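Visitor: Pasting the sequence and the predicted model now:
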Amino acid sequence: MNQSVLYVTTPGACVRQEHGRLRVTKGKELLQEARLFDIERVVIIGGTAGVTSTAATALMEAGIECAFLSSTGKFRGLLSPVRNRGAVVRLAQLAAYMNPARRLELAQTLVVRKVKNSSTLLSRFTRNHPESPFKREQDRLFAAQHAARNALTIESLMGFEGEAAAAYFSAFGQMLRGGFRFTERTRRPPRDPANSLLSFGYTLLTSETTEAIVGAGLDPAIGMLHSLEDGRPSLALDLMEPFRSAVVDRLVLHMANNRMLSPLEDFTQDTDNGPRLTDAARRKFLRTYEERMTETFHPHKSGKETNLRERLRREAINFAAALRDNKPFRPFALP
């Protein structure tokens with residue numbers, strides 16, 4: 001848990017490897033430096049930042065994955081070491097996808113847990129802000145949770161998940177402070193700074209979930225809830241659902257409500273891509289995201305200390321085991 005993530009955010013920067021160290025440079029300027037041994041993953045943000053072939057080889061030999069995100073936060077892909085294992089698990093994954101009853105069962109567990117975690121977040125906010133009881137939203141979440149548990153098709157399940165999301169984000173907008181305004185969840189492009197933060201955070205989480213899935217021997221393209229689509233990491237979108245509120249939503253609320261970011265000063269307006277974090281604000285967001293992912297806690301019914309990053313990796317391993325052994329899957333519960 002002592003290893004760190006190397007984020008490369010400076011346009012035109014390059015990751016190099018020299019004598020067992022990763023050096024991020026721009027021209028002759030040294031921007032960052034770390035021992036290869038101390039890095040657990042690399043995230044390159046922006047189309048003009050890159051990595052040399054020597055550094056890429058060193059990363060793959062060390063078993064370190066490198067994720068590439070666009071400057072607007074779109075997940076582009078992974079540079080990943082070869083893993084000659086997982087064939088049995090991938091066959092079980094495909095068999096589960098091809099079995100309508102099994103696929104629906106797994107998808108239901110993910111949606112139900114996502115809705116429960118969303119409800120838990122609202123309840124905890126209400127304890128500190130009794131003026132915001134969210135009774136109507138909680139009732140809608142409870143109804144959607146019940147309907148999802150009894151859904152007969154993936155299509156109807158997606159509909160109930162959508163109803164839960166609408167109720168949840170209605171409350172989310174009321175929880176935001178610090179000058180941030182939020183009326184509905186919007187994407188491609190996000191229409192306001194709050195949606196921009198959510199989208200960027202979800203992209204970071206997608207990249208981490210994809211890495212965990214690949215590490216567990218699974219195919220990130222074959223999900224149970226999200227449909228197959230070229231270029232879409234459907235299983236990553238599945239497994240990250242219960243983590244959205246625990247990781248990204250709480251992070252956005254924390255930074256907005258503690259005025260760590262300003263919707264007026266920390267964003268620039270892009271005509272095509274909506275509000276975008278300034279470079280300084282993006283670095284602040286990434287630092288706080290790292291703090292969230294590495295903060296230790298004790299899971300329910302367990303005395304073993306962990307953090308959200310380790311729990312996300314364990315989620316992929318547990319999902320692989322459930323597929324391989326044809327057993328029920330119990331998703332992450334908000335701690």
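Guide: Looks like it came in fine.

Visitor: Residue 162 - how many residues pack around it?
Guide: 11 (other C-beta atoms under 10 Å). Just so you know, the C-beta spots here come from the backbone N, C-alpha and C atoms, and that holds for glycine as well.

Visitor: would you say it is within a helix?
Guide: Yes: counting by DSSP: H, G, I helix; E, B strand; the rest coil, residue 162 is part of a helix.

Visitor: Look at it and report its pLDDT.
Guide: With respect to pLDDT, residue 162 scores 95.

Visitor: Export only the CA atoms of the lowest-mean-pLDDT helix or strand in the chain, formatted as CSV.
Guide: Every helix and strand in the chain was compared by mean pLDDT, DSSP states H and E; the lowest is strand 75-79, with a mean of 82. What follows is strand 75-79, C-alpha atoms only, in CSV (Å, rounded to 0.1, in the frame of the first residue of the first chain):
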residue,chain,number,x,y,z
PHE,A,75,-10.4,6.7,-21.1
ARG,A,76,-8.4,5.6,-24.2
GLY,A,77,-6.8,2.4,-23.1
LEU,A,78,-4.0,0.6,-21.3
LEU,A,79,-0.4,-0.4,-22.0
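
Visitor: From the chain's centroid, how far away is it?
Guide: 14 Å (C-alpha atoms, centre = their mean, to the nearest Å).

Visitor: And stretch 171-183, by the same measure?
Guide: 21 Å.

Visitor: Stretch 277-289 too?
Guide: With C-alpha atoms, centre = their mean, you get 16 Å for stretch 277-289.

Visitor: Then stretch 155-175?
Guide: Taking mean C-alpha positions (C-alpha atoms, centre = their mean), stretch 155-175 and its chain are 18 Å apart.

Visitor: And the least confident helix or strand of the chain, what does it pack against?
Guide: Under the contact definition 3 or more C-beta pairs under 8 Å, 6 or more residues apart in numbering; DSSP states H and E, strand 75-79 sits against helix 53-61, strand 65-69, helix 193-215.

Visitor: Residue 144 contacts residue 160, doesn't it?
Guide: Yes: contact status for residue 144 versus residue 160: in contact at 4.9 Å, counting by C-beta atoms under 8 Å.

Visitor: Can you pick out the residue with more neighbours from the two?
Guide: residue 144 (25 against 22).

Visitor: what about the more buried one, which SS state?
Guide: Residue 144 - assigned by three-state DSSP - is helix.

Visitor: Could you check how far it is from residue 164?
Guide: 4 Å (C-beta to C-beta, to the nearest Å).

Visitor: Likewise for residue 182?
Guide: With C-beta to C-beta as the criterion, residue 182 and residue 164 are 17 Å apart.

Visitor: Can you show me the strands along this protein?
Guide: With strands called from DSSP state E, the chain shows them at 4-8, 14-18, 21-26, 29-35, 39-45, 50-51, 65-69, 75-79, 267-270, 274-277, 296-297, 306-307.

Visitor: got the ones you listed as TSV, with mean neighbour count columns?
Guide: Converted to TSV, these look like this (neighbours: other C-beta atoms under 10 Å):
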stretch	mean neighbour count
strand 4-8	20
strand 14-18	18
strand 21-26	18
strand 29-35	13
strand 39-45	21
strand 50-51	19
strand 65-69	22
strand 75-79	16
strand 267-270	13
strand 274-277	21
strand 296-297	10
strand 306-307	15
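
Visitor: for these, which one sits closest to residue 232?
Guide: Proximity to residue 232 (C-beta to C-beta) singles out strand 75-79 among the strands of the chain, at 9.9 Å.

Visitor: Would you enumerate the residues in contact with the residue nearest to residue 309 when sequence neighbours are not counted?
Guide: Once flanking residues are discounted, residue 309 sits nearest to residue 293: 4.4 Å by C-beta to C-beta, 6 or more residues apart in numbering. Contact analysis of residue 293 by C-beta atoms under 8 Å, 6 or more residues apart in numbering lists 208, 247, 307-309.

Visitor: per the record, what domains does the protein have?
Guide: 4-79, 87-325 (automatic domain parsing).

Visitor: pLDDT weak spots in the protein?
Guide: 1-3, 72-73, 83-85, 300-303 (pLDDT under 70).
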